[in-house]
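Colleague: everything below, folded, please.
(one chain, ligands or ions: 1)
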Amino acid sequence: MSDILYRFIPVDCENIVQPDHQAAIGRLSFEGRELEATCLDRIEFADAGSGFEDVCCPFCGESLLGWWQEAMDAAYSAEAGFGSLKAALPCCGKDGSLDSLDYRMPQGFYRSMIEAFNLEDEGHDPHEVLDALEGVTGFPWRLIRAYY
Ligand SMILES: [Zn+2]
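Modeller: Got it, this is the predicted structure:
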């Protein structure tokens, strides 16, 4: 059986967890499960592990997998993380963003992330975590299920 890592990231990758949020997140207890946010000074990408399937154009639906890998490499540096996520899409020529492509399994960019293994196996609803995080921080979060 594979493990599922639940990754919670802000919908807007520029949103970061503030120190007073950290304390409130630490007090969110899901039957003894402690949640803690990782915060970075750069933007990184949270993938879906082996759940990664494809990445497609949100406008015309064409698969962009080959182009996407090159665009991700071009936008990334090991020291600074991701720079601009804007990109002209090669399929239909529309202006897009690496953050708004159609990732068949949810994935995304982040500066703050909270991770927890196997929440659903233990009877926790990850959408309750999403709601609780939005309540604490005041901005919306998204859920990524990473399979290992
Ligand atoms: Zn397109």
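Colleague: give me the residues contacting the helix or strand of the chain with the lowest mean pLDDT.
Modeller: Lowest on mean pLDDT, DSSP states H and E among the helices and strands of the chain sits strand 29-30, with a mean of 72. With C-beta atoms under 8 Å, 6 or more residues apart in numbering as the test, strand 29-30 has contacts from 119, 124, 128, 129. For the C-beta atoms, the positions are set from N, CA and C on the backbone; glycine is no exception.
Colleague: in its sheet, what does it sit against?
Modeller: strand 33-34 (antiparallel) (DSSP bridges).
Colleague: tell me the gap between the strand it pairs with and the middle of its chain.
Modeller: In terms of C-alpha atoms, centre = their mean, to the nearest Å, the centre of strand 33-34 is set 20 Å apart from its chain centre.
Colleague: ok, stretch 125-138 next?
Modeller: Per C-alpha atoms, centre = their mean, the centroid offset for stretch 125-138 relative to its chain is 15 Å.
Colleague: now the strands for the protein?
Modeller: Here the chain has its strands, by DSSP state E, at 4-10, 29-30, 33-34, 37-46, 55-56, 76-77, 81-82, 86-88, 95-97, 102-103, 108-117, 141-147.
Colleague: any idea which of those strands gets closest to residue 20?
Modeller: Smallest distance to residue 20 across the strands of the chain (C-beta to C-beta): 11.8 Å, for strand 37-46.
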